[in-house]
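>>> One predicted model, sequence on top.
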Amino acid sequence: MLKDIIIAIQSYLEAHRFIVKHRLWKWIFIPGILYAILFCTGIYLFWISSGQAIDTLFSITGLKKWMYTMEGSWLKFLFIFGQVILQLVLLLFYFSLFKYLFLIIGSPLFAYLSEKTEAIMEERDLPFSFPQLLKDMVRGIKLAMRNALWQTVYTLSILILSFIPLIGWFTPLIALIIECYYLGFAMLDYSCERNKLSTSQSIDFIGRHKGLALGNGIVFYLMHTIIIVGWILAPSYAVIAATISFYKVKSNLL
């Protein structure tokens, strides 16, 4: 898996050179600006609302009143820290739902960008096909819904763990790893579909190359640490990098 993670990370550097060489900036900025606006607005609103929801939950259960009676106690610190951890897990859960919504909306563009990338790499023409585009959209939506369901199950399990002191401190990291994997999964599936892999075959192939999905997702989220610029570049860079990394292991399809 480590080898696949390295391939996925290196593919982002190759994706940048590929974009510059073939002047694909319009395919980067159009979805990127929309994504950045939605991401920034959504994160701000959710962080406020989730904080209020947790505060209300603690008040109803009596935990908030109890914590005020524990002045200077390590137990109070643990509960306050746990509250922050819970809010981070909820934030990642929101991010995953937002991600799937954006993937569904942007599936036509992402499918086309992935196909265009491979066509350039293979030096062949890319004739536009509306039926194929429609097919890619339907598959992308179905897969996004399938992954959203499984990730929700995992996230709910992680939410339960987040209430356990000490153990719960690691839940944001676990949630982030799962989030990275499913993001990379979605980006790789565009190439799987184009190479005539059924949904089950795509799941099997990516399951055997988890590192490609995980590595793609890790860099995608690391790009979010670069304010504004990273948010704009991340979606399309992830698609192109996933296409390049898939192309490198294409011989392992059978």
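Yep, it's here. Just so we're clear, the structure is a prediction, and the values are computed from it rather than from any experiment.
>>> show me the contacts for the most centrally placed residue in the chain.
By Cα atoms, centre = their mean, the chain has its centre lying nearest to L183, at 3.2 Å. Residues in contact with L183 (Cβ atoms under 8 Å, 6 or more residues apart in numbering) are 99, 213, 216-217, 220-221, 238. Using the backbone N, CA and C atoms, a C-beta is placed for each residue, glycine as well.
>>> Just the pLDDT at it, thanks.
Per-residue confidence (pLDDT) for L183: 89.
>>> before we move on, what about G215?
With respect to pLDDT, G215 has a value of 95.
>>> Could you find the closest non-adjacent residue to it?
In space, and not counting its chain neighbours, G215 is closest to A8: 2.7 Å by Cβ to Cβ, 6 or more residues apart in numbering.
>>> Could you do W150 as well?
Y182 (7.7 Å).
>>> in the stretch 101-250 of the chain, what spans have low per-residue confidence?
126-130, 132-133, 162-163, 165-166, 168 (pLDDT under 70).
>>> so where do the helices sit in it?
Here the stretch 101-250 of the chain has its helices, by DSSP state H, counting those that start in this stretch, at 130-162, 171-194, 199-208, 210-222, 229-248.
>>> Distance of L2 relative to P31?
31 Å (Cβ to Cβ, to the nearest Å).
>>> Which one's more surrounded, the two?
P31 (19 against 8; other Cβ atoms under 10 Å).
>>> Now do the contacts for that one.
106, 109-110, 235-236.
>>> pLDDT averaged over the strand or helix carrying it - what is it?
In this structure, P31 sits in helix 25-61 according to DSSP states H and E. Helix 25-61 carries an average pLDDT of 76.
>>> circling back: for the helices of the stretch 101-250 of the chain, which one sits closest to L86?
When the helices of the stretch 101-250 of the chain are compared by Cβ to Cβ, helix 130-162 sits nearest L86, at 5.0 Å.
>>> Ends of stretch 190-202, what's the gap?
Using Cα to Cα, to the nearest Å, the end-to-end distance of stretch 190-202 comes to 10 Å.
>>> where does I228 fall, phi/psi-wise?
In terms of degrees, to the nearest 10, the main-chain angles of I228 are phi 70, psi -60.
>>> How about it: what's its closest non-neighbour residue?
A36 (6.3 Å).
>>> what about the one you found, neighbour count?
Quick note: A36 (other Cβ under 10 Å) scores 21 neighbours.
>>> Then N216?
31.
>>> Next up, the contacts around the spatially closest residue to it that is not a sequence neighbour.
The shortest distance from N216 to any non-neighbouring residue, by Cβ to Cβ, 6+ apart, is to G184 (3.4 Å). Counting by Cβ under 8 Å, 6+ apart, G184 makes contact with 8, 212-217, 220, 238, 242.
>>> how much space between the residue nearest to the centre of the chain and A213?
In terms of Cβ to Cβ, L183 sits 8 Å off from A213.
>>> Over to I43?
Counting by Cβ to Cβ - I43 and A213 are separated by 23 Å.
>>> Between the two, tell me which one has more neighbours.
The neighbour comparison of I43 against A213 (other Cβ under 10 Å) goes to A213, with 26 against 16.
>>> circling back: pull the contacting residues for the residue nearest to I228.
Going by Cβ under 8 Å, 6+ apart, A36 touches 228, 231-232.
>>> Give me the buried subset of those residues.
For the contacts of A36, a neighbour count by 16 or more other Cβ atoms under 10 Å gives the buried set as 231-232.
>>> Counting neighbours, what do you get for the nearest residue to L38 once chain neighbours are set aside?
Nearest non-adjacent residue to L38, counting by Cβ to Cβ, 6+ apart: F102, 6.8 Å away. For F102, the neighbour count with other Cβ under 10 Å is 19.
>>> Tell me who's in contact with F102.
By Cβ under 8 Å, 6+ apart, the residues touching F102 are 35, 38, 235.
>>> now, among these, which is nearest to K142?
Nearest to K142 among those: P235, at 20.0 Å, using Cβ to Cβ.
>>> Could you measure from that closest one over to Y221?
Taken as Cβ to Cβ, the span from P235 to Y221 is 12 Å.
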